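> build the 3D model from these lines:
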Amino acid sequence: MTAEPLASGNINLLDVELDITGMTCASCAGRIERKLNKLPGVEATVNYATEKARVRAPEGADPEQFLQAVKAAGYSAVIPTPIRERDENDDASPKSGDGDWASQLLRRLLISTALAVPVVLMSMIPVLQFTNWQWLALTLTAPVVVWGAWPFHRAAATNARHGAATMDTLISLGVTAAFGWSLYALFFGTAGEAGMHMTMTLFGNPDGGSGEIYLEVAAAVTVFILLGKYIEARASRESGAALRALLELGAKDATVLRGTSEQRIAVSSLIVGDRVVVRPGEKIASDGLVIEGNSAVDESMLTGESVPVEVGPDSRVTGATLNVGGRLVVEVTRIGSDTELARLGRLVEEAQTGKADIQRLADRVSAIFVPVVLVLAVVAFVGWLIAGGPIELAFTAAVTTLVIACPCALGLATPTALLVGTGRGSQLGILISGPQVLERTRSVDTIVLDKTGTVTTGEMRLSSIEVLAGENEELVLARAAAVEAGSEHPVGRAVVSAAEQRTLDLPAVTEFAAHAGSGVQATIDGTVVLVGKPAWLTADHNQTVSDAALALVENAEAAGSTAMVIAWQGQARGVLVVGDTVKASSADAIAEFVRLGLRPVLLTGDNAGAAASVASVVGITDVHSGITPQGKLDVIRSLQAEGRVVAMVGDGVNDSAALAAADLGIAMGGGTDAAIAASDITVVSGDLLVVADAVRLAKRTLGTIRGNLFWAFAYNVAALPIAMLGLLNPLIAGAAMAFSSVFVVTNSLRLRSFKGSTRTLS
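Model (predicted):
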């Protein structure tokens, strides 16, 4: 994401994303963050798992100063080029460093493991300890300690130059101390004598020992740490795969109409106004408007819905969706970073780069934890010496304390879960705007729903046609549609659409006339046919409307629908009922909200009859009708005043104030830009059932974060006293530390199996 200005109140802010290289632990991220935040007016967050920093500064600030600040902290940073703006031959990606780092770690891991295994076996099994075996062990261990652990030594040295201590400091000191002690014992003690034997216990020996060397500790701890780091790097790359796959879904080239000829060009060369030909099986090159052709478009990559959407002239289509039907000609309306795909990518990246309050707490703990551990290691060493313990035991306690207490798991607990959770959400068409949203979702107990476009489709449809005695339903509908075909009113379009779905042949009409607010009329085969309100038919055109027809109209209007009477030759022939229809998934979604412990509330500007009708269908008892945009805001604030934590779901401009005021705003993806901008979560498909999925995913992600943090804290709290008492072998400590990081990562990766709701579509 390149630098771009943002409006914040009356202040314009510069929003810059940086790719950071050289970070090896969460403490590194904390130091970079502190360095950036010391710059005037700068607000920065650094995410270790995604290796990204997000910096906000007053407009006019030079992004170069951000890069220099990162460099001054001992790391490197670049402002990445957006994926959709790169040359198609450029293989760089925002996370390409992950692949390089993972490959380097794997190479070091494999070679170090091959060298370390014989050392550990010889140290553990006395029968393998031939004469002068310790010198072979030294020869094998030296490359592991020097070359295999070099990334940790280098990072520790960099940190030391800047007066900081991180997880790498603990690893480097622990490995170096174990190796240094072994060198001393071999060259200046008795450990280098021929015939030296040693045994290894899983737990420390308070009685101490003599002539011990720790080559196996130095080698094995290095291998364990490398293994943990490699798994972390792989997990980061895999958990970010959803975002990279999303951003790379777009078409690479497009067929553009140039006069009467077609020309194949790169998508990056498109401009607004170009007309693009999209054949069956091809991806739509960019966001646009269909100007020719009819087809079905597979939008599953965008919405998660497997059923293709029918499109025709004047239909809006989104870049990267798949044309599965006929030939289309699309006029491009948005390109590059303005497209829907680019917008979705930015939302996901922003969510993954941000930090929740719970992560900030973990960062603060990690920042002070390393210096505390260094002090505790010294205390353990000195304490054992003061207590009269052998120096070997004092050394063992100090090294074990250094190795086992690395706070890597703490640093990974939140960002890995957030990375996987938001990535999985993007695959399901759920966009979470930031990590703080997860914390608000946990406490939500009331969900307020706008009716039109959220619970209902927002489109007028013919819900029923009631013909009077002796009339033919198809004839009545065909004549009504023929007359309404000349009208632009939504009610008329609904009647015409119903006739088209039944593939009825519409008779030719003449002398069409529309009467605003009353009805329409036209002549069919010499007969004047009228469609409109009963009062208009009787008062202005002397048509007889029976009591039965009037009763049908009254019942329809009581239910919130619009009813029209069709008449010709002085007699009403039928009643057409048109209304907004409830989405197929809405009732299931409301039931799911209730199961999740949420109280559903329906808001609508429609009359009480329409509201009650929809509410009864979907199962909502708390209904507010005739509500203005200000009224929606008042309802939200009233519920909050009662102590409720409110989520608001809407899709229109009139919902934006309520969405912004709610504790959690959820916008339907088919809604207006204003509604989406005011929301915390966007459901791309517009399916209310996916809103329930969004709530479930947010709660599950937050639950995973809390589980990760609990075990990371519990591990360190339990392990430190055991290590300081000398009751744990440093080799086992290294394995346990690596396992804690692996546990946090694998627990987070379980979010990839999150399943969205399923329902049968007819």
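
> every contact and neighbour count from this point should use C-alpha atoms.
OK.

> give the pairing partners of the helix or strand hosting Ala522; include direction for each.
Per DSSP states H and E: Ala522 is located in strand 519-524. Using DSSP bridges, the strands paired with strand 519-524 are strand 510-515 (antiparallel), strand 527-532 (antiparallel).

> show me what contacts Pro143?
Counting by C-alpha atoms under 8 Å, 6 or more residues apart in numbering, Pro143 makes contact with Ser112.

> host element of it?
Per DSSP H and E: Pro143 is located in helix 133-143.

> quick one: buried residues of that helix?
Residues of helix 133-143 classed as buried by neighbour count (16 or more other C-alpha atoms under 10 Å): 133-134, 137-138, 140-143.

> that older thread, just name the most buried of the strands paired with strand 519-524.
strand 527-532 (a mean of 22; mean count of other C-alpha atoms under 10 Å).

> which stretches of the stretch 201-350 of the chain form helices?
Taking DSSP state H, counting those that start in this stretch as the criterion, the stretch 201-350 of the chain contains helices spanning 215-239, 241-247, 300-303, 340-353.

> what mean pLDDT does the third one have?
Looking back up the chat, that one is helix 300-303. Averaging pLDDT along helix 300-303 gives 57.

> once you drop chain neighbours, what's closest to Gln640?
Among residues not flanking Gln640 along the chain, Val646 sits closest, at 6.7 Å (C-alpha to C-alpha, 6 or more residues apart in numbering).

> out of the helices of the stretch 201-350 of the chain, which gets the lowest mean score?
helix 241-247 (a mean of 53).

> neighbouring contacts of stretch 102-109?
147-148, 223, 226-227, 229-230, 233-234.

> with stretch 602-622 instead?
448-452, 557-561, 582, 586-588, 590-591, 600-601, 623-628, 632.

> and it, how far out from the chain's middle?
32 Å (C-alpha atoms, centre = their mean, to the nearest Å).

> quote the end-to-end distance of that stretch.
6 Å (C-alpha to C-alpha, to the nearest Å).

> quick one: mean pLDDT over it.
82.

> buried residues in it?
So for stretch 602-622, counting by 16+ other C-alpha under 10 Å, buried means 602-612, 614-615, 618-620.

> next structured bit after the lowest-mean-pLDDT helix or strand in the chain?
In the chain, no helix or strand scores lower on mean pLDDT, DSSP states H and E than strand 4-8, which sits at a mean of 46. Using DSSP H and E, the helix or strand that follows strand 4-8 in sequence is strand 11-21.

> now do the next helix or strand after that following strand: which elements does it pack against?
Under the assignment DSSP H and E, the closest C-terminal helix or strand after strand 11-21 is helix 26-37. If contacts are counted by 3 or more C-alpha pairs under 8 Å, 6 or more residues apart in numbering; DSSP states H and E, helix 26-37 sits against strand 43-47, helix 63-72, helix 357-386, helix 408-427.

> among these, which is nearest Ile666?
For the helices and strands packed on helix 26-37, the distance to Ile666 is smallest for helix 408-427, at 13.8 Å, taking C-alpha to C-alpha.

> how far off centre is whichever helix or strand comes after that closest one?
Sequence-wise, the next helix or strand downstream of helix 408-427 (DSSP H and E) is strand 430-432. Relative to its chain's centre, strand 430-432 lies at 5 Å (C-alpha atoms, centre = their mean).

> so what does strand 430-432 touch, helix or strand wise?
With 3+ C-alpha pairs under 8 Å, 6+ apart as the test, strand 430-432 has helix 340-353, helix 408-427, strand 681-683 packed against it.

> 10 Å instead?
Here strand 430-432 touches helix 340-353, helix 408-427, strand 664-668, strand 681-683, helix 688-724, going by 3 or more C-alpha pairs under 10 Å, 6 or more residues apart in numbering; DSSP states H and E.

> the third one pairs with which strands, and in what direction?
For strand 664-668, sheet partners with direction are given as strand 646-650 (parallel), strand 681-683 (parallel), following DSSP bridges.

> quick check: mean pLDDT of it?
82.

> could you number the chain from 796 rather than 1 from now on?
With the count now opening at 796, the last piece we talked about shows up as strand 1459-1463.

> how near is the residue nearest to Gln1435 to Leu1022?
Separation of Val1441 from Leu1022 (C-alpha to C-alpha) stands at 45 Å.

> and Arg1390, how many residues sit next to it?
Here the number of neighbours of Arg1390 (other C-alpha atoms under 10 Å) works out to 11.

> got the contact list for it?
By C-alpha atoms under 10 Å, 6 or more residues apart in numbering, Arg1390 lies in contact with 1384, 1487.

> and if you look at Val1112?
1079-1085, 1092, 1094, 1104, 1106, 1118, 1125-1128, 1135.

> try Val1104
1090-1095, 1112, 1118-1119.

> what's the distance between it and Glu1268?
In terms of C-alpha to C-alpha, Val1104 sits 29 Å off from Glu1268.

> what's the answer for Val1360, then?
13 Å.

> more neighbours: which of the two?
Taking other C-alpha under 10 Å, Val1360 and Glu1268 do not tie; Val1360 has more neighbours (28 against 14).

> so the more buried one sits in a strand?
Yes - under DSSP: H, G, I helix; E, B strand; the rest coil, Val1360 sits within a strand.

> what's the pLDDT at it?
Looking at Val1360, the pLDDT reads 91.

> swap in Leu933?
For Leu933, pLDDT reads 95.

> ok, and the closest non-adjacent residue to it?
Leu1010 (6.8 Å).

> dump the residue contacts of that neighbour.
911, 914-915, 918, 929, 932-937, 940, 970, 973-978, 1016, 1526.

> repeat that with 7 Å
933, 936, 973-974, 977 (C-alpha atoms under 7 Å, 6 or more residues apart in numbering).

> identify the farthest-apart pair in the residues you listed.
Most distant of these, by C-alpha to C-alpha, are Leu933 and Ala973, 11.9 Å apart.

> pretty sure Pro875 sits in a helix.
No - in this structure, Pro875 is coil, not part of a helix, as judged by three-state DSSP.
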